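Q: okay, predicted coordinates and the sequence, questions at the end:
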Amino acid sequence: MSDETKIIQKAALGSDTTQIGEQNNYYGMTAEEASNLAIKLFMDNFPRLQEEAKKIAKERAEELCKNIVDKLKKQGKTNFSEFSDPDIQYILNKSHQEYARFGTQTLHDLLSDLIVNRINYDNDYYMKILLDEAVEIVKSLSEVHLNYLSLIFLCKEIRMNSINSIDLLKEHCEYICSKMPITNGIESSVPFLYMLRLLTISLGNADEVYAKRYNLDIGKVKEILPLAMNSIPGDYSLTPVGIIIAIINIHNKTNLNLDFKIWIKSI
């Protein structure tokens, strides 16, 4: 007798979504069981494809799922019963679908970190909403968009206790700009990022923000800022969803360790 239970939910007019329920009431769910469950769910729900495309889609789903499970295991997780939760299954399947379609390393890294955090914050309703929204949005962002969001966040929201001179500010700005490069004219993407609800109103150009934050001469700050920092919008900072995406990108590309919860308070 199988311990697998199929649940059919109406997803849209004329279509069904399959969810898989595992009865693991006594011992929880192992990493292998969780992975198999997630891949089966993905294959049951993904649109019918030609054989070669189906093979690639499955390989990508397996790759993403392995990365998610490995990260959770590294954190010390041994019970993966969240994978049988319909709420987690929905967003996990969504991430598999997006990575199966686009297949970029950047998207892979972002989605795996978003899902890991989604599982870790499963009891925090507000964070769940924000992380779900981030999963829906990241497919629309290029690597340059991600870097731009990260630079905006670091400029507008982060105070480095180690910075107490113009030289140290210069070193910091050059470091983050080298790790997260952007292209000329990136500021033209501000309306697009605003449309995605990643930006919110916040006044202050980079030189003004840094001069005030570190009590430095604004003229000297202007002289040492990398050109990339001139693209930081003077009238915007990031929304909570933008902050989540920016922080994950920062974690993946720099040695800066930042915690979502410093900037995002549960409601």
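A: Nice, I can see it. Computed from a predicted structure; not experimentally measured. Residues are numbered from 1 along each chain as shown.

Q: the nearest residue to F192 once chain neighbours are set aside: neighbour count?
A: Distances taken as Cβ to Cβ, 6 or more residues apart in numbering place H145 nearest to F192, at 8.0 Å, with adjacent residues excluded. The C-beta positions use only the backbone N, C-alpha and C, and glycine is treated the same way. Residues near H145, counting by other Cβ atoms under 10 Å, number 20.

Q: surely H145 and L193 touch.
A: Yes - between H145 and L193 there is a contact at 6.8 Å, judged by Cβ atoms under 8 Å.

Q: could you dump the strand or helix carrying the residue nearest to F192 to PDB, C-alpha only?
A: In the assignment (DSSP states H and E), H145 maps to helix 143-157. Output of helix 143-157 as PDB, limited to C-alpha atoms (Å, rounded to 0.1, in the frame of the first residue of the first chain):
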ATOM      1  CA  GLU A 143      22.100  40.200 -13.100                       C
ATOM      2  CA  VAL A 144      22.700  43.900 -13.700                       C
ATOM      3  CA  HIS A 145      19.300  44.600 -12.200                       C
ATOM      4  CA  LEU A 146      20.200  42.500  -9.100                       C
ATOM      5  CA  ASN A 147      23.500  44.300  -8.700                       C
ATOM      6  CA  TYR A 148      21.800  47.700  -9.000                       C
ATOM      7  CA  LEU A 149      19.200  46.800  -6.300                       C
ATOM      8  CA  SER A 150      22.100  45.600  -4.100                       C
ATOM      9  CA  LEU A 151      24.100  48.900  -4.600                       C
ATOM     10  CA  ILE A 152      21.000  51.000  -3.800                       C
ATOM     11  CA  PHE A 153      20.400  49.000  -0.600                       C
ATOM     12  CA  LEU A 154      24.000  49.200   0.500                       C
ATOM     13  CA  CYS A 155      24.100  52.900  -0.100                       C
ATOM     14  CA  LYS A 156      20.700  53.800   1.300                       C
ATOM     15  CA  GLU A 157      20.400  51.400   4.300                       C
END
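
Q: in it, which residues are buried?
A: 143, 145-157 (16 or more other Cβ atoms under 10 Å).

Q: now stretch 178-196
A: Buried, per 16+ other Cβ under 10 Å, within stretch 178-196: 179-182, 186, 189-190, 193-194, 196.

Q: re the thing from before, which is the next helix or strand following the helix holding H145?
A: Taking DSSP H and E as the definition, the helix or strand right after helix 143-157 is helix 166-179.

Q: other SSEs contacting the very next helix or strand once past that next one?
A: Sequence-wise, the next helix or strand beyond helix 166-179 is helix 190-195, with elements assigned using DSSP H and E. Counting contacts by 3 or more Cβ pairs under 8 Å, 6 or more residues apart in numbering; DSSP states H and E, helix 190-195 packs against helix 143-157.

Q: now the helix it packs on and helix 166-179, what's the angle there?
A: Angle between the axes of helix 143-157 and helix 166-179 is 160 degrees (criterion: axes from the mean of the first three to the mean of the last three Cα atoms, to 10 degrees).

Q: contacts for the helix or strand K220 falls within?
A: Counting by DSSP H and E, the element that carries K220 is helix 218-224. Helix 218-224 is contacted by residues 166, 169-170, 173, 207-208, 210-211 when judged by Cβ atoms under 8 Å, 6 or more residues apart in numbering.

Q: do that again at 10 Å, thanks
A: For helix 218-224, contacts defined as Cβ atoms under 10 Å, 6 or more residues apart in numbering pick out 166-167, 169-171, 173-174, 205-214, 216-217, 229-230.

Q: hey, C-alpha coordinates of that helix in PDB?
A: Provided in PDB are the C-alpha atoms of helix 218-224 (Å, rounded to 0.1, in the frame of the first residue of the first chain):
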ATOM      1  CA  ILE A 218      30.400  66.100   0.700                       C
ATOM      2  CA  GLY A 219      32.900  67.500  -1.800                       C
ATOM      3  CA  LYS A 220      35.500  64.900  -0.900                       C
ATOM      4  CA  VAL A 221      32.800  62.200  -1.000                       C
ATOM      5  CA  LYS A 222      31.900  63.200  -4.600                       C
ATOM      6  CA  GLU A 223      35.500  63.000  -5.600                       C
ATOM      7  CA  ILE A 224      36.100  59.400  -4.400                       C
END
